[in-house]
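Colleague: Sequence first, predicted coordinates after that:
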Amino acid sequence: LHKLPSCSVREMVHSCTRMRGLWDPIKFLKCCHGSFVRYYSIKQRTFAVASHHNKDLPDYYDTSVQRYANLEIDRLTITRLLSAGTNLNPEKLIVMAQHVQREMAIRLARRLMDMQTLPYIVVANPHIRKVYDLYDRAFHTLISFPKVTNMKLEAEFLVVVKGLVQEGIQVVEFLARGMHEARRKIPHVSHGPGLDANQFLADMIMSRISRRVICEQYIALHDDIPGHVGIICTQLSPAEVLQRVVPEAALHCQRTFGVVPEVIVEGGRGVTCSNIATHVEYIAFEVLKNAMRAVVERHRPADTLGPASDFAGL
């Protein structure tokens, strides 16, 4: 009896009660057999129905992410972007759309794989989860979009790419807040065998920069901007870029140290290059900010501060 399910035991007890204390072994065995058959026939039907429905359910682990993550990415350079964006025609735009679709899917898949291997305390953070959901949605949007083979699909794909760029604006903020909170929760999380927090953030941010360049270049090629090929300025002056970031760097130095050294830009006024202006401006700001700090820390005891170094050759 101990091997029979509890519902069968209850039925047998009720049957014995109805027999008013008269013990009939034949009736008792028939009762056991009937309860056993009813119980296991119901279990078999339930299992059969569940198995039928499970055939229609997707696998918990999405193999498409791993499949794309294993593909090789196409390394980008300014020269290649300039070449691809010059003398545009419908055929070139279609090829570029196909390239964007493939490269974005691969790069997103690699970041999804990175997040899938994070320690639970990190991936459970709501900010990290937001990033994962954004990347997962973007990845499946790209792989579910049909291959661009004509200008109608190219126009539709352009709208999709613009939407993905807008959705990803807050990714860096989410990442920073999420990792900061995870480190406070478990101080050793950045040093454990399962996670190198600094490397993880570096990979995430570098990948994001490359994806934004791919998308923004593709979007900007649809606009005719004088002196530009997409987002690349073909006559960029490093000296002028440096001069533009001086006020911002000086304000930062003033707030931090209370003083601002003189900035002297010498030479290189006629030098130009082809590059992404926002990237060069960010680099110039960081270099100039560090130069100002070095000057202040070195000459702070003195009455006067020396000038920051010459960065015209940046």
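Modeller: On my side now, so go ahead.
Colleague: Could I get the full set of helices for the stretch 51-200 of the chain?
Modeller: Assignment of helices within the stretch 51-200 of the chain using DSSP state H, counting those that start in this stretch yields the ranges 63-69, 78-85, 90-116, 120-123, 126-144, 151-167, 171-185, 197-220.
Colleague: So for Ile264, which of those helices sits nearest?
Modeller: Ranking these by their distance to Ile264 (criterion: C-beta to C-beta) puts helix 78-85 first, at 29.0 Å. Backbone N, C-alpha and C define where each C-beta goes, glycine included.
Colleague: how many degrees apart are that closest one and helix 197-220 in direction?
Modeller: Interaxial angle of helix 78-85 relative to helix 197-220 (axes from the mean of the first three to the mean of the last three C-alpha atoms, to 10 degrees): 30 degrees.
Colleague: Convert the C-alpha atoms of helix 78-85 to CSV, please.
Modeller: Taking Å, rounded to 0.1, in the frame of the first residue of the first chain, the C-alpha atoms of helix 78-85 are listed here in CSV:
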residue,chain,number,x,y,z
ILE,A,78,38.7,55.0,-41.3
THR,A,79,40.1,54.2,-44.7
ARG,A,80,37.6,51.4,-45.3
LEU,A,81,34.7,53.6,-44.2
LEU,A,82,35.8,56.4,-46.5
SER,A,83,36.1,54.1,-49.4
ALA,A,84,32.7,52.5,-48.9
GLY,A,85,31.0,55.8,-48.5
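Colleague: In space, not sequence, find me the middle residue of this protein.
Modeller: Tyr135 (4.6 Å; C-alpha atoms, centre = their mean).
Colleague: got a list of what it touches?
Modeller: 108, 111-112, 115 (C-beta atoms under 8 Å, 6 or more residues apart in numbering).
Colleague: which of the residues you listed lies closest to Leu142?
Modeller: Using C-beta to C-beta, the contacts of Tyr135 come closest to Leu142 at Leu108, 7.2 Å.
Colleague: re the thing from before, let me know the distance separating the residue nearest to the centre of the chain from Met113.
Modeller: 10 Å (C-beta to C-beta, to the nearest Å).
Colleague: re the thing from before, is it possible to mark the buried ones in the contacts of Tyr135?
Modeller: Taking 16 or more other C-beta atoms under 10 Å as the criterion, what is buried in the contacts of Tyr135 is 108, 111-112, 115.
Colleague: what's near enough to touch Thr272?
Modeller: Thr272 neighbours (C-beta under 8 Å, 6+ apart): 235-237.
Colleague: scratch that, Met151
Modeller: By C-beta under 8 Å, 6+ apart, the contact list for Met151 reads 90, 93-94.
Colleague: Kindly supply the PyMOL command isolating those of those residues that are buried.
Modeller: Typed into PyMOL, the line below selects the buried ones among the contacts of Met151, using 16+ other C-beta under 10 Å:
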select buried, resi 93+94
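Colleague: can you put the contacts of Met151 in JSON lines and add pLDDT?
Modeller: Shown next, in JSON lines, are the contacts of Met151 (pLDDT from 0 to 100):
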{"residue": "Pro90", "pLDDT": "93"}
{"residue": "Leu93", "pLDDT": "94"}
{"residue": "Ile94", "pLDDT": "96"}
